[in-house]
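**Q** Requesting a structural model of the entry that follows:
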Amino acid sequence: MVGRKGNKEERQEALRRYLRNNPFATDEELAEKFKVSVPTIRLDRLAMGIPEVRERIMAMAREARSRMRGVTAEELMGELVELQPGVMGISILEITPQMLVQPAGVARGHYLFAQAHSLALATVGAEVVLTSSARVRYRRPVYAGERVIARAMVKVNKDSTCLVSVHSRVNGEIVFKGQFIIITPENISGGGTDCK
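**A** Got it, this is the predicted structure:
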């Protein structure tokens, strides 16, 4: 780990590599990881021309939305930040106080389900998609201010039927798991197109 005693160039290169693999990391998380102050991280990012997390996410979201089929941006729960149709997708959902069950203070389950479900539909990549079945597990409550990162992977693509697995995490901890069987309408009448 490059800390305060490591030189600036080494830290900046390590930061660049880390952000390549963890583009959603905030300045605060980066400061903790590299054992430097938040202003130091900001100066390093600026020197390397790396935008703050919000701008990185927005740029990824614009690119991902341009590849979407079968689901509109309005139908998505959360911000789509990466999409490889027929392969995988990633979305981020910031939990707000309006999403909570009161007085318990935990996020309503349908928000986590909607994020995972809409991401699964978008990941399939077909023009029209329908959900045949869903199996979900809620692993722990989610609270206001937490950022849920959902990752969807197409596990099986056979005869116009896709099995999509979605894992939603908060700070690396799985909070929700879902498996969705998605079909194209043509499959209902015996025809069919690829899920991609």
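
**Q** and residue 195, what pLDDT?
**A** Here the pLDDT value assigned to residue 195 is 62.

**Q** ok, now residue 16?
**A** 89.

**Q** check which helix or strand covers it.
**A** Residue 16 is part of helix 8-21, with elements assigned from DSSP states H and E.

**Q** which residues touch that helix?
**A** 2, 6, 25, 30, 33-34, 36, 41, 44-45, 47-48, 50, 56 (CB atoms under 8 Å, 6 or more residues apart in numbering). From N, CA and C alone the C-beta is placed, and that goes for glycine too.

**Q** swap the cut-off to 7 Å and go again
**A** Here helix 8-21 makes contact (CB atoms under 7 Å, 6 or more residues apart in numbering) with 2, 25, 30, 33, 34, 44, 47, 48, 50.

**Q** Can you lay out those as TSV showing secondary structure, pLDDT and neighbour count?
**A** As requested, the contacts of helix 8-21 are exported to TSV (DSSP: H, G, I helix; E, B strand; the rest coil; pLDDT from 0 to 100; neighbours: other CB atoms under 10 Å):
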residue	secondary structure	pLDDT	neighbour count
2	coil	49	19
25	coil	84	18
30	helix	90	21
33	helix	89	17
34	helix	91	21
44	helix	91	20
47	helix	88	11
48	helix	88	12
50	coil	86	17
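
**Q** nearest to residue 164, of those residues?
**A** The closest of the contacts of helix 8-21 to residue 164 turns out to be residue 25 (CB to CB; 25.9 Å).

**Q** and residue 52, how many neighbours does it have?
**A** 13 (other CB atoms under 10 Å).

**Q** For the helix holding residue 16, buried residues please.
**A** Neighbour counts over helix 8-21 (16 or more other CB atoms under 10 Å) mark 11, 12, 14, 15, 18, 19 as buried.
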